[in-house]
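Asker: give me a 3D structure for the following:
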Amino acid sequence: MTAVLDLPVKFDAEGFMTDPNAWTPEIAEVLARDEGIDPLTERHWAVIRFVRAEFAASGQSPTLRTITKKSGVETKELYELFPKGPAKKVARIAGLGKPKGCI
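Answerer: Here you go, the predicted model:
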């Protein structure tokens with residue numbers, strides 16, 4: 001997580017932003033690169049917008065099941081977009097906390 005050290009926001013011990021309101025699309029780009037995802041495509045942004053909207057509605061980061069059931073992005077594609085732990089990765093890139101149930 002070297003790139004994140006240069007960002008003007010705070011992170012918890014696991015690398016999640018502590019204030020979701022401080023998030024910007026530019027921060028998402030840096031976090032995505034830090035996760036090995038570059039560039040963010042329109043499909044990535046669709047998922048990011050979805051999880052931020054779900055967070056705004058519920059106050060919690062959506063789980064993998066919620067994302068795949070409600071976002072229009074199937075599980076296989078979600079794993080292709082955000083490999084190795086998609087719910088956790090997309091929450092981090094979207095500036096949210098770790099979803100419940102994620103290790």
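
Asker: can you point me to the longest helix in the chain?
Answerer: In the chain, assigned by DSSP state H, the helix with the most residues is helix 42-58.

Asker: give me the buried positions along that one.
Answerer: Using 16 or more other Cβ atoms under 10 Å as the test for burial, helix 42-58 gives H44, V47, I48, F50, V51, R52, E54, F55. C-beta here means a position set from N, CA and C on the backbone, and glycine is covered the same way.

Asker: I'd like the residues you listed laid out as TSV, including distance to E35 and pLDDT.
Answerer: Output for those, formatted as TSV (distance: Cβ to Cβ, whole Å; pLDDT from 0 to 100):
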residue	distance to E35	pLDDT
H44	11	98
V47	13	98
I48	12	98
F50	18	98
V51	14	98
R52	17	98
E54	20	97
F55	18	97
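
Asker: closest to A87 out of the residues you listed?
Answerer: Checking the buried residues of helix 42-58 against A87 with Cβ to Cβ, the nearest one is V51 at 8.4 Å.

Asker: wait, what's in contact with that closest one?
Answerer: Applying Cβ atoms under 8 Å, 6 or more residues apart in numbering to V51 gives the contacts S61, P62, I67, S71, V90, A91, A94, L96.

Asker: so the fourth one makes contact with W45?
Answerer: No: the criterion here is Cβ atoms under 8 Å, and S71 misses it with W45 at 11.6 Å.
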